[in-house]
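Asker: this one's sequence-less:
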């Protein structure tokens, strides 16, 4: 049974401002290597056609050209590219993916993965996906429980219950982002894993779950796909139908309600959600920048040269029209800057 | 007896990088108000023709157009504009000024002032200049002793001796930039003042001093002026002669040797040498920038919007092609960044 990769590329990446912009959000930036996170994700789920099918890409309407260019650059031909006329969160994407796979790659399992994660060990990740495949074929909705390396308070956690088969467990509970003390408890107790937001399922299992817990989302997604129209070499979901489809996360809409949830754990592949600048690294080609008596400084630029003198624990990001300087442990709050720009109507900088 | 202002505008202002560039060094930037330091200096020495003559400007060859534009913008016509084909430090400028005044405004005193200082109380400064005029007419080379507000280690100090006339003292000694302890001693002892690098003298007195202590500089300056040629509406010093004239500061070449040195003190006019970013303030029109949970941050930009999150005690300066982030007490070391750019041959950023 083949696995159909579905690359969720609709994120906005506001916490990676000012490099991440509406016209080129973070998944399309070379943040960790000389490939974009999107390209890395595509290649991570490519084993030359053995177990993984060519990818289905779901992205924002404005990024059709960017997606096509970035796929070309790595020599990958997508099975299809679906354009969202407006963002409708991950539940709708999961339902669209289930509907598309049912219609186009019957019998395959869908593996839906955000386009903006970084994984050190790509083949290790594929092995973990194959580990979950049997359970998914049996009707489980499989999540991936990342082995926590520290009590991170920015991720949700998955608590595992009894083993279903080798390396796959029933999910006991999903836990939202914990406070520092709770996160420490999770680590010392064991059996808690970071929720990577990646899901493996048979389309029928997912559509059954939608019918039970979120029928309007499934209905909207299926109808929007059925009424889709060609645009820029891709397939645009019907704007009216999709915009009226309820917006919710797959976690809230399905995962926290279904009794079919399973988790592959522990997944130990060097996974990082590049959620903010604190998880990004200095430019690979940052030789042009200059630091004097500075330590623990992350420098990023799409052009301007950066000079830092006598500073530490900072993130400095420069573009030709905007500069961010943030203390590393405040990287989450870059969103406040973006919110302020919105309030001021500075669309040119978003 | 009139005072002939001579505005020394040849500085490079490297410590104000990246706003200060070869093509527009700091004296031509609006660093403290909506006028440049150069324009402020010109206007500070303008009393409508009562005691102060129209200014003589001495600047780098490449800045003739900038000087003309900035004079036009404030409606001032210079008595003359002299272009230096290469920088030769302040002694040569003082000698050129003495020679020019002798030839063009006989009987006037020369008041030579750097174009890159800020003074809060302009009329107060003019009063101090008039205070020194009688002594200068009598042959003294008059300096201005700024009342120190704190034990600054970045300025030279002037130690005063006995009073010559009301508010004018003989100079006991010039002291180079002191260490913190010595500077504190100066303040507690009293009779020590910051050396503003501004000089008032009769041209004959200065040329006599040059004849005694630095005859080659005076000879080079006088000959370079005599052989000057018109260029861009200004007067270009002869390149060959001026480039062979020894380069030295007026302090070393003359002031530390002459027994004619006098000091007007205490000068209490809100004087600041804008020597580095630590003396500059945030843009007057910085409303476009955004700070979140940040304190004591100086923001400057010639275009890019700056966002700061969770930082303090920083200078952040942004241009379209370069960004500086420096701890405030390390502002002096911006020069190290500029030196590194030179080493790398990045002329485009200097």
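Answerer: Done, it's in. Computed from a prediction, not measured in an experiment: that's the story for all the values here.

Asker: find the nearest non-adjacent residue to residue A:161, please.
Answerer: Spatial nearest neighbour of residue A:161, excluding adjacent residues (Cβ to Cβ, 6 or more residues apart in numbering or on different chains): residue A:172 at 3.9 Å. Any C-beta I mention is one placed from the backbone N, CA and C, and that applies to glycine too.

Asker: so which residues of chain A form helices?
Answerer: For chain A, helices defined by DSSP state H occupy the ranges A:37-44, A:64-73, A:89-104, A:122-137, A:180-189, A:203-213, A:215-226, A:239-243, A:250, A:334-343.

Asker: about what we covered before: pLDDT at the residue nearest to residue A:161, what is it?
Answerer: The model reports residue A:172 with a pLDDT of 97.

Asker: so it touches residue A:160, yeah?
Answerer: Yes: using Cβ atoms under 8 Å, residue A:172 is in contact with residue A:160, at 6.2 Å.

Asker: now do the shared contacts for those two.
Answerer: Shared contacts of residue A:172 and residue A:160 (Cβ atoms under 8 Å, 6 or more residues apart in numbering or on different chains): residue A:191.

Asker: between these two, which one's more packed in?
Answerer: Set side by side, residue A:172 and residue A:160 show more neighbours around residue A:160, with 22 against 15, by other Cβ atoms under 10 Å in any protein chain shown.

Asker: and the more buried one, what does it touch?
Answerer: A:145, A:169-172, A:191-193, A:263, A:265.

Asker: ok, and the closest non-adjacent residue to it?
Answerer: residue A:169 (3.9 Å).

Asker: what pLDDT does the one you found get?
Answerer: 98.

Asker: tell me what the most centrally placed residue in chain A is bridged to.
Answerer: Centroid-nearest residue in chain A: residue A:114, 2.1 Å away (criterion: Cα atoms, centre = their mean). Beta-bridge partners recorded for residue A:114 (DSSP bridges): residue A:8.

Asker: what parts of chain A come near chain B?
Answerer: A:17-18, A:290, A:292-293, A:301, A:303-311, A:314, A:316, A:318-327, A:329-331, A:333-334, A:336-337, A:340-341, A:346, A:349 (Cβ under 8 Å from any Cβ of the partner chain).

Asker: mind running it again at 7 Å?
Answerer: A:290, A:292, A:303-311, A:314, A:316, A:318, A:320-327, A:330, A:333-334, A:336-337, A:340, A:349 (Cβ under 7 Å from any Cβ of the partner chain).

Asker: just the buried residues from these, in PyMOL please.
Answerer: Typed into PyMOL, the line below selects the buried ones among these, using 16 or more other Cβ atoms under 10 Å in any protein chain shown:
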select buried, chain A and resi 290+292+304+305+306+307+308+309+310+311+314+316+318+320+321+322+323+324+325+326+327+330+333+334+336+337+349
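
Asker: and the nearest residue to residue A:178 once chain neighbours are set aside, how far from residue B:345?
Answerer: Distances taken as Cβ to Cβ, 6+ apart place residue A:153 nearest to residue A:178, at 6.1 Å, with adjacent residues excluded. The spacing between residue A:153 and residue B:345, counted by Cβ to Cβ, to the nearest Å, is 47 Å.

Asker: do the same with residue A:172
Answerer: 62 Å.

Asker: again, but for residue A:76
Answerer: 40 Å.

Asker: so between these two, which is more surrounded?
Answerer: Neighbour comparison, residue A:76 and residue B:345: the larger count goes to residue A:76, with 15 against 8 (by other Cβ under 10 Å).

Asker: on that earlier part again, looking at the contacts of residue A:160, which one is closest to residue B:85?
Answerer: residue A:193 (71.8 Å; Cβ to Cβ).

Asker: surely residue A:309 meets residue B:338?
Answerer: No: counting by Cβ atoms under 7 Å, residue A:309 does not reach residue B:338; the two are 10.9 Å apart.

Asker: so what's residue A:153 up against?
Answerer: Contact analysis of residue A:153 by Cβ atoms under 7 Å, 6 or more residues apart in numbering or on different chains lists A:177-180, A:183.

Asker: ok, which pair from those residues is furthest apart?
Answerer: A:177 and A:180 (10.7 Å).

Asker: between the two, which has more neighbouring residues?
Answerer: For the pair residue A:177 and residue A:180, the greater number of neighbours falls to residue A:177 (13 against 10), based on other Cβ under 10 Å.

Asker: now do the same contact list for the more buried one.
Answerer: A:153-156.

Asker: so for residue A:302, what's the pLDDT?
Answerer: So residue A:302 comes in at 89 (pLDDT).

Asker: err, residue A:314, not the other one
Answerer: pLDDT, residue A:314: 95.

Asker: these two touch, right, it and residue A:297?
Answerer: Yes: using Cβ under 7 Å, residue A:314 makes contact with residue A:297 at a distance of 5.0 Å.

Asker: closest to residue B:256 out of the contacts of residue A:153?
Answerer: residue A:180 (62.6 Å).

Asker: quick one: that closest one from residue A:186, how far?
Answerer: Counting by Cβ to Cβ - residue A:180 and residue A:186 are separated by 11 Å.

Asker: excluding its backbone neighbours, what's nearest residue A:213?
Answerer: Residue A:213 sits nearest to residue A:257 (Cβ to Cβ, 6+ apart), 4.6 Å away.

Asker: residue A:223 now?
Answerer: residue A:241 (5.0 Å).

Asker: so what's that neighbour up against?
Answerer: A:220, A:223-224, A:227.

Asker: from these, which two are the most distant?
Answerer: A:220 and A:227 (10.6 Å).

Asker: do me a favour and get the end-to-end distance for stretch A:281-289?
Answerer: 14 Å (Cα to Cα, to the nearest Å).

Asker: now do stretch A:321-340
Answerer: 16 Å.

Asker: average pLDDT across it?
Answerer: 94.

Asker: got a list of contacts for that stretch?
Answerer: A:14-15, A:17-18, A:276-278, A:313-317, A:349-350, B:290, B:292, B:304-311, B:314, B:316, B:318, B:323, B:325.

Asker: give the contact list for the residue lying closest to residue A:235 once chain neighbours are set aside.
Answerer: Nearest residue to residue A:235, sequence neighbours excluded (Cβ to Cβ, 6+ apart): residue A:228, at 4.6 Å. Contact analysis of residue A:228 by Cβ under 7 Å, 6+ apart lists A:235-238.

Asker: show the buried residues in these.
Answerer: A:235-238.

Asker: returning to what we had before: show only the entries of the residues of chain A next to chain B found in strands.
Answerer: Judged by DSSP state E, the subset of the residues of chain A next to chain B located in strands is A:290, A:292, A:305-309, A:314, A:316, A:318, A:322-327.

Asker: just the pLDDT for the residue nearest to residue A:178.
Answerer: Reported pLDDT for residue A:153: 91.

Asker: now swap in residue A:311 and tell me
Answerer: 96.

Asker: touching, it and residue A:295? I think so.
Answerer: No: judged on Cβ under 7 Å, residue A:311 makes no contact with residue A:295 at a distance of 8.4 Å.

Asker: now the stretch 201-350 of chain A, which segments are flagged as low pLDDT?
Answerer: A:282-287 (pLDDT under 70).

Asker: off-centre distance for stretch A:64-72?
Answerer: Computed by Cα atoms, centre = their mean, to the nearest Å, the chain-centroid distance of stretch A:64-72 equals 18 Å.

Asker: residue A:195 and residue A:260, how far apart?
Answerer: In terms of Cβ to Cβ, residue A:195 sits 16 Å off from residue A:260.

Asker: if you could redo that for residue A:268, that was the one I meant.
Answerer: For residue A:268, the distance to residue A:260 - Cβ to Cβ - is 25 Å.

Asker: same check, this time on residue A:170
Answerer: Taken as Cβ to Cβ, the span from residue A:170 to residue A:260 is 9 Å.

Asker: over to residue A:132?
Answerer: Taking Cβ to Cβ, one finds residue A:132 at 13 Å from residue A:260.
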